[in-house]
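Novice: Return a 3D structure for these sequence lines:
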Amino acid sequence: MLAGISADYYLRLERGRDRNPSAQVLEAIARVLQLDDDHVAHLRTLVAESPRQRRRRPRKETAPAGVVKLVDSLVQPAFVEGRYFDILASNALARAISPRLAVGGNQLRDLFLEPAEQALHPGWEDVTECLVASLRQAVGNEIDDPRFIELTGELSLASPRFRQLWARHEVRGQRGTPLRIDHPQVGELTLNRERLSIGGAEGLTLVVYHPDAGSSDADKLAVLASAHLPAPSAHIRLQESRA
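Specialist: Numbering: from 1, shown residues only. Below is the predicted model of the structure:
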């Protein structure tokens, strides 16, 4: 017996013969398997009572105009990512960190298939593990989403590492955490990575990198900014000289 569930019934669930277990059954299974909150939430989405609606066309994700302006105004590297880690907006300093953080790029594809992006991350294995687990959480039970099918199909064919991680069925949400980067211009630096949900834009996240104040990482980021950010216009310099 598994927390009051017979072995026969558990076997039916495992083999897909019963697709509508009650909430109490799910809670019992989660408790016995010692699942964390992320895994429990994912388990619930897989057996949600509401029927999935098949999407015949990819759902286009667009960063709100106001958020794009905000990203451009930030002095720290910042970008907006979609549900499947597509880059929807980014500022110049984010692109100075990685040219692949440009609109139209995809972090998953770049991390698994682009050697230049892999070289930026000394902790590449940990980063890829985190992203794949987060992708599975984001998808939930909507596995018929054309964008999901396209992306996971491409990566499964092209990357043994992705196939290995996807087969684990890990589910984990991303949270604020330090990120180590080995930049070709300024060397190694560690930046805090904050991920902020965007109100009114389901599935979109604002990502901001920032160094600890007064650290050598802050100095390196300032050097990178001075090399990549546009110089003030002549009009602005004239106003500053008069001040």
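
Novice: use CA for all of it now, contacts and neighbours both
Specialist: OK.

Novice: Using the record's assignment, carve the chain into domains.
Specialist: As recorded under automatic domain parsing, the domains making up the chain are 7-46, 65-228.

Novice: List the buried residues of the longest strand seen in the chain.
Specialist: In terms of residue count, the longest strand belonging to the chain (DSSP state E) is strand 187-197. For strand 187-197, a neighbour-count test (16 or more other C-alpha atoms under 10 Å) marks 189-191, 193-195 as buried.

Novice: Stretch 158-170 now?
Specialist: Residues 162-163, 165-166, 170 are the ones in stretch 158-170 that count as buried (16+ other C-alpha under 10 Å).

Novice: returning to what we had before: so which of the buried residues of strand 187-197 comes closest to Pro146?
Specialist: Arg195 (25.2 Å; C-alpha to C-alpha).

Novice: Mind listing residues that contact the helix ranked longest in the chain?
Specialist: Criterion DSSP state H: the longest helix present in the chain is helix 124-139. Here helix 124-139 makes contact (C-alpha atoms under 8 Å, 6 or more residues apart in numbering) with 38, 42, 83-84, 108, 111-112, 118, 121, 148, 162, 165-166, 169-174, 203.

Novice: Give me the buried positions along that helix.
Specialist: Those would be 124, 127-139, for helix 124-139 by 16+ other C-alpha under 10 Å.

Novice: Mind giving me the packing neighbours of the host helix or strand of Arg163?
Specialist: When elements are assigned from DSSP states H and E, Arg163 belongs to helix 160-166. Contact partners of helix 160-166 among helices and strands, from 3 or more C-alpha pairs under 8 Å, 6 or more residues apart in numbering; DSSP states H and E: helix 124-139, helix 146-158.

Novice: In PDB, could you pull the C-alpha coordinates for the first one?
Specialist: These are the backbone C-alpha positions of helix 124-139, laid out as PDB (Å, rounded to 0.1, in the frame of the first residue of the first chain):
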ATOM      1  CA  TRP A 124      27.700  25.400 -17.900                       C
ATOM      2  CA  GLU A 125      26.500  22.000 -16.700                       C
ATOM      3  CA  ASP A 126      24.600  23.600 -13.800                       C
ATOM      4  CA  VAL A 127      23.200  26.400 -16.000                       C
ATOM      5  CA  THR A 128      21.800  23.900 -18.500                       C
ATOM      6  CA  GLU A 129      20.400  21.700 -15.800                       C
ATOM      7  CA  CYS A 130      18.500  24.600 -14.300                       C
ATOM      8  CA  LEU A 131      17.200  25.800 -17.700                       C
ATOM      9  CA  VAL A 132      15.900  22.400 -18.700                       C
ATOM     10  CA  ALA A 133      14.100  21.900 -15.400                       C
ATOM     11  CA  SER A 134      12.600  25.300 -15.700                       C
ATOM     12  CA  LEU A 135      11.400  24.600 -19.200                       C
ATOM     13  CA  ARG A 136       9.600  21.500 -18.100                       C
ATOM     14  CA  GLN A 137       7.900  23.600 -15.400                       C
ATOM     15  CA  ALA A 138       6.900  26.300 -17.800                       C
ATOM     16  CA  VAL A 139       5.400  23.800 -20.300                       C
END
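
Novice: For burial, what's the neighbour tally of Asp212?
Specialist: When neighbours are counted by other C-alpha atoms under 10 Å, Asp212 registers 11.

Novice: and it, that's in a strand?
Specialist: No: according to DSSP: H, G, I helix; E, B strand; the rest coil, Asp212 belongs to no strand; its state is coil.

Novice: Against Pro146, how distant is it?
Specialist: Using C-alpha to C-alpha, to the nearest Å, one gets 40 Å for the distance from Asp212 to Pro146.
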